[in-house]
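> got a sequence here, can you build the structure:
(4 chains, ligands or ions: 4)
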Amino acid sequence: MATENPSPSTANEGQEVASSKTPSAMDTTPIQLGQIEVLQILNEHGEVDEGLEPNYTNDELIDMYTSMVRARAFDKRMLTMQRQGRMGTFAPNLGQEACIAGQVYPLLKEDWYAPSYRSFGAQIMRGWPMEHLMRLWAGFHDGFPPPQDVNDMPFSIVIGSHVLPAVGIGMGMTYKNDPNCVVVNYGDGASSQGAVSEALNFAAVYKAPVVFVCENNGWAISTPTEKQASSEHFAKRGVAFDVPSIRVDGNDLFAMIKATEEATTRARNGEGPTLIEAVTYRMSLHTTADDPTVYRKDSEVEAWEKRCPLLRFELYLKSKGVIEQHDIEAIATACDEEVIEARDKFYEMDPADPTEIFDFMHIEMTEELKEQKDEYLKRLSNKGVTDE
Amino acid sequence: MATENPSPSTANEGQEVASSKTPSAMDTTPIQLGQIEVLQILNEHGEVDEGLEPNYTNDELIDMYTSMVRARAFDKRMLTMQRQGRMGTFAPNLGQEACIAGQVYPLLKEDWYAPSYRSFGAQIMRGWPMEHLMRLWAGFHDGFPPPQDVNDMPFSIVIGSHVLPAVGIGMGMTYKNDPNCVVVNYGDGASSQGAVSEALNFAAVYKAPVVFVCENNGWAISTPTEKQASSEHFAKRGVAFDVPSIRVDGNDLFAMIKATEEATTRARNGEGPTLIEAVTYRMSLHTTADDPTVYRKDSEVEAWEKRCPLLRFELYLKSKGVIEQHDIEAIATACDEEVIEARDKFYEMDPADPTEIFDFMHIEMTEELKEQKDEYLKRLSNKGVTDE
Amino acid sequence: MSKLTMVEALNLALAQEMDRDSNVVLMGEDIGVNGGVFRVTKDLQSQFGENRVLDTPLAECGIVGTAVGMAVYGLRPVVEIQFSGFTMQAFDQIEQNMARLNNRTQGKYTVPMVLRTPYGGNIRAVEHHSESREAYWAHTPGLHVVIPSGPRNARALLAAAIRSDEPVIFYEPKAIYRAFREEVPDAPELLEIGKANVVQEGSDITIISYGATLRTCIEAAQDLEEDHNVSADVIDLLSVSPIDTETIATSVQKTGRCLIVNEGQRTCGIAAELIARINETCFEYLEAPIKRITGFDTVFPYFQVEEHFLPECEEIVSTAKSIVAWE
Amino acid sequence: MSKLTMVEALNLALAQEMDRDSNVVLMGEDIGVNGGVFRVTKDLQSQFGENRVLDTPLAECGIVGTAVGMAVYGLRPVVEIQFSGFTMQAFDQIEQNMARLNNRTQGKYTVPMVLRTPYGGNIRAVEHHSESREAYWAHTPGLHVVIPSGPRNARALLAAAIRSDEPVIFYEPKAIYRAFREEVPDAPELLEIGKANVVQEGSDITIISYGATLRTCIEAAQDLEEDHNVSADVIDLLSVSPIDTETIATSVQKTGRCLIVNEGQRTCGIAAELIARINETCFEYLEAPIKRITGFDTVFPYFQVEEHFLPECEEIVSTAKSIVAWE
Ligand SMILES: Cc1ncc(C[n+]2csc(CCOP(=O)(O)OP(=O)(O)O)c2C)c(N)n1
Ligand SMILES: Cc1ncc(C[n+]2csc(CCOP(=O)(O)OP(=O)(O)O)c2C)c(N)n1
Ligand SMILES: [Mg+2]
Ligand SMILES: [Mg+2]
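Numbering: from 1, shown residues only, chains lettered A, B, ... in the order given. Ligands and ions are numbered 1, 2, ... in the order given. Below you'll find the model as predicted:
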């Protein structure tokens, strides 16, 4: 955790005339910035830092491992479906499964999660049925709203634009004395958006219970982090705004869980926001519309393959005697079957209703939109799309 | 100066496929953030830090002192004119004269300066005739463009919106191998604008020769810095984006000059941007439309009066035997006379031409605007404003 | 019942709505101790506390973006943007989240927030402080855009906006913030959003306006009646999104002639839209071309020369006469 | 002379202008090695170097804001915003600086920059990737807003925009980026900005459009001619700010009837402005109400249902017929 304690929130102060700094002589002691800690528990060889090794039951360990495998199975099938023309443009998460699973593992149902488009692994863990996510990526509007009992924001298509609303949810929690918290996820690219800096500032000023997870996966489409920012340490952004910050091996599920747990604990205790920089790597395409061979070397990707989050977790589980190779294969098969089942459900679902376009623009449709809808319905009927 | 060296700019690299981070095992050493230095040379008692005392001639010292006195004289007359109904809303600079003078003192004519609305002291030093600035504050459009040979941006009314263009000017200099630099000035309030964070990032990424002067004067209208940000140290914003940063006593002219000089030297040497947090205090109203007694204590203002930038400079000059009390009075009178002369010129200047409104919307007026202008001219003539 | 200025009437609406519903929170720059630069939120922080009246950092995008989140969470934030010119800083959050989250989530999350902001010219302000860009918001699907014209309707519309579950842009004509007083009932009063008001009835021409220029139109209509024997329907839009096309069409079908007056820029402005709708609904009734007196397509003038920029009574009168005389 | 797609033609214009003038620099997300997500800047970085083709951080406001500074300093930045939906992030810099700095400084500093951005729907994209909000920019004083409709005029207009000292928003109809090829001369070609093009002449009705929907209108005009004996003037605006009112008025005064087709949202859109101007300039010539087929005032549909949202040939034909039949 980084540096100074943030100064206390002013939100609950009294009503007297505010007083700015005390006009004593200028303090000329240099300002110590401290350090940003870097957390890794399980390294790429499957070796665990024994002092930090968490104490999970075998079932829990298998469960968290399965979450990652399931995400990867989903990823793979989605790519296939996309290649078959049965899915829209899709953003794979390959290689980032630990990061994604770890950032929601410590969350309660009552907490909120504000994902980015590459967070489907977390969405599945939060309770989004996979066929629902397939609808979403296939261009069905009804795929976007979170399921009824899931406190998630719809994922953000506009880079960084969900971060301020996530802070607002946290501010709402503070206002209502709600002891829950918000996790918001965004990328190294998103960190360049001014709105994300504003969000860090608001969260710090109002001590909002928000965990910022900046998922540094090395790339923003074709832009490497060196062109995105001068420092490779995105955790420093927190320092600027007095948000305690940590850098975490994002391919290490244990480290991600521990960092998130500490951050959510701070948030629940009224100690305000935390920034977690999760260092990971986008192993695959930016989206299915992208061709990374144009802008990055295969050798880079290959080097990162060795740091695969699943691989090291398997090594660990095996070395602990929790599972054996045939269990790994069984889990993979089971997860793939789940995805296939979801896919088949998805294939059976109703086609989209082209008349829905007007229905959610307002809570109550305005007269002018009713007229426009009529005009559109006439078009559909003229085209024989509907038989009105 | 702060912390790490920024990583080298990527702007001049070769064309080969970019390579992101090297996929070695995660480095888990904590990231040392270093410290932010705090600079003061001349304290509020007029005592100088002898190790840092600059070596100016008496004429230079009197000259820089006079710049501050002139700014204060201008300030005072503007307030009077405003109270007499002969001036528009005006933003006084009382108490910030050292900060303002110091940030442009090291600049060359060829350098660029992007001021805020409270920077008139610096504008005068940069070559803006005082009557020109009076036109500006009195609502004449022709007061806004910088004089022909002055490389300044018009001042920014929209908080923070001039900072990105200032960085762009610096990027232009880099592109053209122009060895000059840009100083851009903004407030503690402005630091909250996302665009200002984006500007720090762009400046760092492109190593633009830009000096950011964040003038922390304790207040943004009625909002004290404690509500603006969680940390009182605005210099930390630089750390986030890898812009070397320093905190300076903004009421100490020597410190402001030295910090700016070091920053401009770095900029000219291709070493990129610097952030200077100048700690000062807005002694007077936010603008003439503001009533600070509503939101801040007199005692706070009184305490800051003792830290007045002019006072300490006078004590220093006297103790060095550069001037005596009667010189101080003479300089004050001379400055006021300059302002009166400018004022009288201003009073003699032509009234505004109401037909000008359309003339600078484009370089070549469009047909549609010509038609609208005709319509407007007819209005003026119907009203007897013009006799067309 | 007391005689209030628009500023006082808005303050009353805020106080009463905060009193009624603890989910109503205010956010903005300098709205707390300072009561806002126009004093619309005067004394509300001392009355309701710092956690209900938030002095925010100086970041409009941040204010609107966090307010969206608070609204999704279940509060009813009422945001003040100090001048409408600075809504540009929040354009992305308004267009991408405030206006669309309800649609994006098919109604799972509503965004019951109000963005209040003073708009318009002729207050001797510097650049960016006189903007009338309601057309940006009218062109943005998903928003309601409300513009009162006097203390009483300002109070009733603001209360309605706060109670509405839709995201509302509430544009306050600052030129008339203190220009006149009106009787405003003490008890809460609501006005339905989206309905225009026929301020006066006539038969020769329809004059449509809203906000600060509405007063000028009423004055002009009186001159027309008294000095020129021209009787005008005067319509106060009160909402520029949605637009009450029916009320407009009914009037223009009666009068056959129409003049639109507003201060926003002309091209793609509200007047253009009204002309398009009248063309669509009243073509066969039209006896003369519809005219518009609007702000010109320039930057709002520097204040030495702003005096003649906005629509004035005399020109409204003469233009209306020329429309009535058109054959 | 070669047959190029619009993407290739734009690429050609950029390459030739960069070659001609070393002050021309490109800025944008992924425009370097990657050549832009639509490949409009393909190979330009390898040809002209990294200091002339800047892969920027992911911050549209930062891109436009720094480009403004570069333009003031004397360069000619050509900015790419990856999708027009993300210009919202830069709205403040566009409205407050790009559009106004020339005016603010009474011409001392011009802002000779171009903001290129792909706009429009029907490419099966996700939310925010199909926006047509040219009306925002047409409503913003100080900008020129150019929208080509084919490879050849795209190339000539982009070259003119780059050479122009005015700030230009250059809206590229991405639905037809690769839809067809046209002969494009090898030597640089320029088209004057602000002039509409009468694509085909007729006598019964004027059809006005621009961008991607222009093709649909041409197709419809052919159907009208061949199958329905209706002959249409088809006007391609090419610039929505300024608007070439004269060309429009000349045509409508001839035909007396008019249909406007565009894909942007309806309320306060470009079609509304055209109707207003036609009402002002052609009222006594009009024989039927002007009609508009535009995008509806909704969020652009999720792609499963986008198919029927945009103006289509058959509806243009039937609407034009109904206008011609109107009595
Ligand atoms: C405001 C905005 N600008 C541009 C885009 C186009 N775009 C989509 S994803 C992306 C890169 C995002 O990079 P990062 O934030 O690192 O996330 P990652 O894709 O690596 O998960 C870009 C530029 C967008 N969606 N929104
Ligand atoms: C974008 C924007 N928001 C709000 C304002 C209104 N406003 C003018 S000055 C000011 C406070 C600025 O504070 P700071 O940046 O600290 O500068 P200072 O006035 O202290 O010099 C505000 C809120 C503005 N001009 N622009
Ligand atoms: Mg990334
Ligand atoms: Mg300040």
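> what helix or strand is the closest residue to ligand 4 within chain C located in?
With C-beta to the ion as the measure, C:Leu58 is the residue of chain C nearest to ligand 4, at 8.9 Å. Heads up, the C-betas are built off the backbone N, CA and C, glycines and all. C:Leu58 is part of no helix or strand, with elements assigned from DSSP states H and E.
> quick check: closest non-adjacent residue to it.
B:Gly189 (3.9 Å; C-beta to C-beta, 6 or more residues apart in numbering or on different chains).
> contact partners for the nearest residue to A:Ala199 once chain neighbours are set aside?
The shortest distance from A:Ala199 to any non-neighbouring residue, by C-beta to C-beta, 6+ apart, is to A:Val163 (4.2 Å). Each residue near A:Val163 by C-beta atoms under 8 Å, 6 or more residues apart in numbering or on different chains is listed here: A:114, A:184, A:186, A:190, A:193, A:195-196, A:199, A:212, C:65.
> and which of the residues you listed is nearest ligand 1?
A:Ala190 (3.8 Å; C-beta to the nearest ligand atom).
> any idea how far that closest one is from ligand 3?
8 Å (C-beta to the ion, to the nearest Å).
> quick one: the strands in chain A, in order.
A:31-32, A:35-39, A:112-114, A:182-187, A:210-216, A:219-220, A:223-224, A:245-249, A:274-279 (DSSP state E).
> let me redo that: the stretch 101-250 of chain C
In the stretch 101-250 of chain C, the strands defined using DSSP state E, counting those that start in this stretch lie at C:114-119, C:144-146, C:168-173, C:182-184, C:197-200, C:205-209, C:232-236, C:239-241.
> highest average neighbour count across the ones you listed?
Each of the strands of the stretch 101-250 of chain C was assessed for mean neighbour count using mean count of other C-beta atoms under 10 Å in any protein chain shown. The highest is strand C:205-209, with a mean of 29.
> which other helices and strands contact it?
helix C:212-228, strand C:232-236, helix C:245-255, strand C:258-265, helix C:313-325 (3 or more C-beta pairs under 8 Å, 6 or more residues apart in numbering or on different chains; DSSP states H and E).
> repeat that with 6 Å
Strand C:205-209 is packed against strand C:232-236, helix C:245-255, strand C:258-265, helix C:313-325, with contacts defined by 3 or more C-beta pairs under 6 Å, 6 or more residues apart in numbering or on different chains; DSSP states H and E.
> what angle separates the first one from helix C:245-255?
With axes from the mean of the first three to the mean of the last three C-alpha atoms, to 10 degrees as the basis, strand C:232-236 and helix C:245-255 are set at 170 degrees to each other.
> give the contact list for whichever residue of the stretch 151-300 of chain A sits closest to chain B.
Across the stretch 151-300 of chain A, the shortest distance to chain B (C-beta to the nearest C-beta) belongs to A:Gly194, at 2.2 Å. Neighbouring residues of A:Gly194 by C-beta atoms under 6 Å, 6 or more residues apart in numbering or on different chains: B:194-195, B:197-198, D:61.
> change it to 7 Å
Contacts for A:Gly194 (C-beta atoms under 7 Å, 6 or more residues apart in numbering or on different chains) come out as B:194-195, B:197-198, D:59, D:61.
> and for C:Glu280, the neighbour number?
16 (other C-beta atoms under 10 Å in any protein chain shown).
> for it, which non-adjacent residue is spatially closest?
What sits nearest to C:Glu280 in space, not counting adjacent residues and going by C-beta to C-beta, 6+ apart, is D:Pro289, at 5.9 Å.
> list the residues that contact that neighbour.
Counted by C-beta under 7 Å, 6+ apart, D:Pro289 has contacts C:279-280, C:283.
> give me that answer again for 8 Å
C:279-280, C:283, D:323, D:326.
> could I get those as a markdown table with pLDDT?
What follows is the contacts of D:Pro289, written out as a markdown table (pLDDT from 0 to 100):
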| residue | pLDDT |
| --- | --- |
| C:Asn279 | 97 |
| C:Glu280 | 97 |
| C:Phe283 | 97 |
| D:Ile323 | 98 |
| D:Trp326 | 96 |
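> and of those residues, the nearest to A:Gly51?
Nearest to A:Gly51 among the contacts of D:Pro289 is C:Glu280, at 75.0 Å by C-beta to C-beta.
> hang on, that closest one packs against D:Lys291?
Yes - counting by C-beta atoms under 8 Å, C:Glu280 touches D:Lys291, with 7.5 Å between them.
> now the longest helix belonging to chain A: mean pLDDT?
If you go by DSSP state H, chain A has its longest helix at helix A:58-83. Helix A:58-83 comes out with an average pLDDT of 98.
> if we can go back for a sec, just the helices and strands packed on strand C:205-209: most buried one?
Burial of those is given as mean neighbour count (mean count of other C-beta under 10 Å); strand C:258-265 ranks first at a mean of 28.
> check whether that one comes near chain B.
No - Strand C:258-265 is not in contact with chain B by C-beta under 8 Å from any C-beta of the partner chain; minimum separation 10.1 Å.
> can you check stretch C:310-327 too?
Yes - using C-beta under 8 Å from any C-beta, stretch C:310-327 reaches chain B at C:312, C:314-315, C:318.
> residue of chain C closest to ligand 1, please.
Per C-beta to the nearest ligand atom, C:Asp92 is where chain C lies closest to ligand 1, at 7.7 Å.
> isn't that residue right up against C:Cys61?
Yes - if you go by C-beta under 8 Å, C:Asp92 and C:Cys61 touch, sitting 6.6 Å apart.
> which residues are common contacts for those two?
A:Ala195.
> so what's the residue count around the residue of chain C closest to ligand 4?
28.
> does C:Gly194 really touch C:Thr245, like I thought?
No - using C-beta under 8 Å, C:Gly194 makes no contact with C:Thr245, being 10.5 Å away.
> what residues are shared contacts of those two?
A:Glu367.
> domain map for chain C?
Domain assignment for chain C by automatic domain parsing gives C:2-184, C:197-325.
> contacting residues around A:Pro273?
Counted by C-beta under 8 Å, 6+ apart, A:Pro273 has contacts A:167, A:170, A:200, A:203-204, A:207-212, A:243-244, A:267.
> grab the nearest non-local neighbour of it.
Spatial nearest neighbour of A:Pro273, excluding adjacent residues (C-beta to C-beta, 6+ apart): A:Ala203 at 3.9 Å.
> thought the one you found was touching A:Phe212?
Yes - with contact defined as C-beta under 8 Å, A:Ala203 reaches A:Phe212; the gap is 7.4 Å.
> ok, and the closest non-adjacent residue to the spatially most central residue of chain A?
The residue lying closest to the centre of chain A (C-alpha atoms, centre = their mean) is A:Asn185, at 3.6 Å. Distances taken as C-beta to C-beta, 6+ apart put A:Val213 closest to A:Asn185, at 4.7 Å, once the chain neighbours are dropped.
> that neighbour and A:Val184 touch, don't they?
Yes - A:Val213 lies in contact with A:Val184 (C-beta under 8 Å); the separation is 6.9 Å.
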